[in-house]
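Trainee: next comes the sequence, and after it the predicted model I'd like to discuss.
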Amino acid sequence: MSITASQVKELRELTGAGMMECKKALVETSGSIEEAITLMRTRGQSKAAKKAGRVAAEGIIAIKTSDDNKRAAMVEINSETDFVARDENFLKFAGMVVAKALETQVADAEALLQTTSDGSKTIEESRQELIAKIGENVNVRRCKTIESTTGVSAYQHGSRIGVLVVLDNENADIGKDIAMHIAASNPQVISADEVPADVIAKEKEIYIAQAMESGKPKDIAEKMVAGRLKKFTGEVSLLGQPFVKDPSVSVEQFLKNAKVNVTNFARYAVGEGIEKEEVDFAEEVMAQAHGDA
């Protein structure tokens, strides 16, 4: 049968695929748009599988809060390149994912991927379709949902850093200030006594070795280490850090003055912890040139 230009155009708008791919699918399905979409989804999933091994370390942090600010969701969605992270289709997908996270209050990204995005397909299926459409690996890496009767404060630094904060008393201004501080200073825990014992033990081992190498007796070295450990736990804990808006006071003192406490927080930064493949583009171009030769 004859495939019209309007059919190809409609299928392209629905799938984002190339004109020839759309025409071929329509020919194979005797002009049925619905069957062509199903066929292309199957092929798209095959393409997505081939791209799954690629490192996706770019992307965005998306945050959405409920109208009353009692609930919030934050997700990290990765792409291979920053260019795709600004793509309209990618951003639309990210918006859908974070909205679904807020709605369902799921515990992790794995559970989120299994929720339905439009009543008929899962977020995982939508992810596969997006990969086929944009030609890059896309990963819903992690999500965090928080619910609190005292409200959740949210802050985004561009699209690459996101923070959620809960105070024991509702105070939007203080919550935002603390969220901005966390975005800038990246504390690992709220208070020094929450620093994991294995992290402290590792730091202590390093400090003692450094002190001993400098020729200090062991008893002197251990006293020096105690001071350094106290400084370390202060630097990685929220309460021990100098407050970014007024470094003359600690966050602990700032909160005390405001008569509030931080009970929970989460901070995401795009790509943190992902090992990127370092590419020497000059070397890659030369290799390509030699291959062509």
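Mentor: Yes, it's here.

Trainee: please parse this structure into its domains.
Mentor: What the record gives for the chain is the domain set 5-51, 54-147, from automatic domain parsing.

Trainee: pipe those into a markdown table and attach mean pLDDT per row.
Mentor: What follows is the domains of the chain, written out as a markdown table (pLDDT from 0 to 100):
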| stretch | mean pLDDT |
| --- | --- |
| domain 5-51 | 76 |
| domain 54-147 | 92 |
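
Trainee: compare these and report which one is nearest to residue 252.
Mentor: Proximity to residue 252 (Cβ to Cβ) singles out domain 54-147 among the domains of the chain, at 21.9 Å. C-betas here are computed from N, CA, C, even on glycine.

Trainee: between the two ends of that closest one, what distance do you get?
Mentor: End-to-end distance for domain 54-147: 35 Å, by Cα to Cα, to the nearest Å.

Trainee: sorry, back to before: tell me the most buried of the domains of the chain?
Mentor: Among the domains of the chain, domain 54-147 has the highest mean neighbour count (mean count of other Cβ atoms under 10 Å), at a mean of 18.

Trainee: thinking again about what came up before, residue 246: which of the domains of the chain is closest?
Mentor: So among the domains of the chain, domain 54-147 is nearest, using Cβ to Cβ, at 25.3 Å.

Trainee: just to revisit the earlier point, for the domains of the chain, which one sits closest to residue 178?
Mentor: Across the domains of the chain, closest to residue 178 is domain 54-147 (Cβ to Cβ), at 14.0 Å.

Trainee: tell me how far that closest one lies from the chain's centre.
Mentor: Centre-to-centre, domain 54-147 and its host chain are 9 Å apart (Cα atoms, centre = their mean, to the nearest Å).

Trainee: then stretch 4-22?
Mentor: Here stretch 4-22 is found 33 Å from its chain centre; the criterion is Cα atoms, centre = their mean.

Trainee: quick check: bridge partners of residue 164?
Mentor: For residue 164, the beta-bridge partners are residue 154, residue 266 (DSSP bridges).

Trainee: possible to save the domains of the chain as a markdown table with distance to residue 217?
Mentor: Converted to a markdown table, those look like this (distance: least, Cβ to Cβ, whole Å):
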| stretch | distance to residue 217 |
| --- | --- |
| domain 5-51 | 58 |
| domain 54-147 | 46 |
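
Trainee: tell me which element residue 177 is part of?
Mentor: Using DSSP states H and E, residue 177 maps to helix 172-185.

Trainee: next, the buried residues of that helix.
Mentor: 174, 175, 177, 178, 179, 180, 181, 182, 183, 185 (16 or more other Cβ atoms under 10 Å).

Trainee: how about residues contacting it?
Mentor: Here helix 172-185 makes contact (Cβ atoms under 8 Å, 6 or more residues apart in numbering) with 69, 151-155, 157, 161-167, 238, 241, 243-245, 251, 254-255, 258, 260, 262, 265, 267.

Trainee: give the closest residue to the spatially most central residue of the chain in space, chain neighbours not counted.
Mentor: Residue closest to the mean C-alpha point of the chain, counted by Cα atoms, centre = their mean, is residue 76 at 2.2 Å. Counting by Cβ to Cβ, 6 or more residues apart in numbering, residue 76 lies nearest to residue 141, which is 4.6 Å off, once chain neighbours are set aside.

Trainee: sec struct for that neighbour, please.
Mentor: strand (DSSP: H, G, I helix; E, B strand; the rest coil).

Trainee: contact partners for it?
Mentor: Residue 141 makes contacts with 56, 59, 76, 77, 78, 109, as judged by Cβ under 8 Å, 6+ apart.

Trainee: so where do the helices sit in this structure?
Mentor: Remark: helices assigned in the chain by DSSP state H are 5-15, 19-28, 33-51, 82-85, 88-104, 109-113, 123-134, 172-185, 197-213, 218-236, 251-258, 281-292.

Trainee: I figured residue 165 hits residue 264, correct?
Mentor: Yes: between residue 165 and residue 264 a contact is recorded at 7.4 Å, counting by Cβ atoms under 8 Å.

Trainee: export stretch 89-103 to PDB, keeping only CA atoms.
Mentor: The C-alpha trace of stretch 89-103 is given here as PDB (Å, rounded to 0.1, in the frame of the first residue of the first chain):
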ATOM      1  CA  ASN A  89      12.600  15.600  25.500                       C
ATOM      2  CA  PHE A  90      15.100  14.900  28.300                       C
ATOM      3  CA  LEU A  91      13.800  17.700  30.400                       C
ATOM      4  CA  LYS A  92      10.200  16.600  29.800                       C
ATOM      5  CA  PHE A  93      11.100  13.100  30.900                       C
ATOM      6  CA  ALA A  94      12.800  14.400  34.000                       C
ATOM      7  CA  GLY A  95       9.800  16.500  35.000                       C
ATOM      8  CA  MET A  96       7.500  13.400  34.600                       C
ATOM      9  CA  VAL A  97       9.900  11.300  36.700                       C
ATOM     10  CA  VAL A  98      10.200  13.700  39.600                       C
ATOM     11  CA  ALA A  99       6.400  14.300  39.600                       C
ATOM     12  CA  LYS A 100       5.800  10.600  39.800                       C
ATOM     13  CA  ALA A 101       8.400  10.300  42.700                       C
ATOM     14  CA  LEU A 102       6.500  13.000  44.600                       C
ATOM     15  CA  GLU A 103       3.100  11.300  43.900                       C
END
